[in-house]
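In: Take this sequence and fold it.
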Amino acid sequence: MLIDIHTHSYPNSDDSFMTVDELIEGSKSLGLDGICLTDHDVFWTDEQIRDLSSKHDFLVIPGCEINTEAGHVLVFGLSEYQFGMHRPEFLQASVNKAEGVMIAAHPYRRRFLEEPAGRPGVREEMLERARGDEFFQMCHGIEALNGRGLAIQNEFSLELGGLLSTSMTAGSDAHKVEQIGTVATEFKQPVSCLKDLIKELRDGRYHPVDLRQKAILKA
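Out: This is a model prediction of the structure:
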């Protein structure tokens with residue numbers, strides 16, 4: 001199954017330029033099997049998710065992208081934002097209590113700088129610092145492919161995932177209709193609901209897929 005686990009729609013994400021209906025219909029038309037709604041620090045209700053799934057006859061799963069002091073995190077299994085989630089330790093405790101899952105979004109941010117990376121040894125130093133970052137140890141996986149990321153940035157994330165020996169996802173991070181369907185996460189087992197998604201993400205039975213290259217990327 002191909003599921004885009006990182007998307008944004010307006011107005012829940014105020015930096016998005018598409019409605020949730022445009023997001024869902026666009027994803028459906030491009031052959032995806034489902035999407036996760038991961039708006040910034042905002043949670044969709046179970047009723048809203050059921051209504052959207054029924055309206056579009058399409059798999060829609062709730063999630064959220066939380067902005068923490070250490071970076072952005074895709075979380076699944078929580079239902080509301082609480083003050084303190086900006087601290088990674090607090091967020092981790094909340095997710096663990098809910099038996100949810102955390103995926104580090106676009107891990108190249110704050111850790112990879114394109115210009116100095118071209119100097120001898122600098123990129124390797126960046127990778128080693130990222131490898132030792134406790135933030136990634138808190139997550140169940142990292143987003144190796146971000147649809148809005150540059151190739152050089154995603155290459156850094158993919159290599160980091162290999163160094164961490166962690167599972168890797170892919171998400172379009174779409175904020176516009178034209179950004180839908182660039183990358184997705186391929187799950188080996190059927191996913192029909194949030195509970196299924198959490199189990200598969202925890203068990204690591206998935207791979208990032210670049211739909212622009214029609215190729216599955218593995219470390």
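In: Look at F156 and report its pLDDT.
Out: On the pLDDT scale, F156 is placed at 97.
In: isn't there a helix covering it?
Out: Yes. Counting by DSSP: H, G, I helix; E, B strand; the rest coil, F156 is found in a helix.
In: Wait, it touches L113, no?
Out: No. The pair F156 and L113 fails to qualify as a contact (C-beta atoms under 8 Å) at a distance of 10.0 Å. In short, each C-beta sits where N, CA and C put it, glycine included.
In: Low-confidence stretches in this protein?
Out: Residue ranges of the chain with pLDDT under 70: 214-219.
In: The residue sitting furthest away from the middle of it in helix, strand or coil?
Out: Most distant residue from the mean C-alpha position of the chain: P120, 31.2 Å away (C-alpha atoms, centre = their mean). Applying three-state DSSP to P120 yields a three-state assignment of coil.
In: related to what we said a few turns ago, okay, and the common contacts of F156 and L113?
Out: Common neighbours of F156 and L113 (criterion: C-beta atoms under 8 Å, 6 or more residues apart in numbering): M126.
In: quick one: which of the two has more around it?
Out: F156 (24 against 13; other C-beta atoms under 10 Å).
In: which ones are touching the more buried one?
Out: F156 makes contact with Y108, R111, F112, A117, R123, M126, L127, according to C-beta under 8 Å, 6+ apart.
In: As TSV, those with neighbour count would be great.
Out: As requested, the contacts of F156 are exported to TSV (neighbours: other C-beta atoms under 10 Å):
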residue	neighbour count
Y108	25
R111	20
F112	23
A117	16
R123	19
M126	18
L127	18
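In: Among the residues you listed, name the ones in helices.
Out: A117, R123, M126, L127 (DSSP state H).
In: need the contact list for the residue lying closest to the third one once chain neighbours are set aside.
Out: With C-beta to C-beta, 6 or more residues apart in numbering as the criterion, M126 has its nearest non-adjacent residue at 5.6 Å, and that residue is F112. For F112, the residues meeting the contact criterion (C-beta under 8 Å, 6+ apart) are R123, M126, A130, Q153, F156.
In: thought the first one was touching A117?
Out: Yes. Applying C-beta under 8 Å as the test, R123 and A117 come out as touching, 4.2 Å apart.
In: what's the residue nearest to M126 sitting at in phi/psi?
Out: The phi/psi pair for F112 (degrees, to the nearest 10) reads phi -130, psi 130.
In: This structure: helices as residue ranges?
Out: Assigned by DSSP H, the helices in the chain fall at 20-29, 46-56, 88-97, 114-117, 122-131, 134-138, 151-164, 194-203.
In: Throw those into a markdown table and include distance to H6, thanks.
Out: Shown next, in a markdown table, are these (distance: least, C-beta to C-beta, whole Å):
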| stretch | distance to H6 |
| --- | --- |
| helix 20-29 | 12 |
| helix 46-56 | 16 |
| helix 88-97 | 16 |
| helix 114-117 | 22 |
| helix 122-131 | 19 |
| helix 134-138 | 17 |
| helix 151-164 | 13 |
| helix 194-203 | 12 |
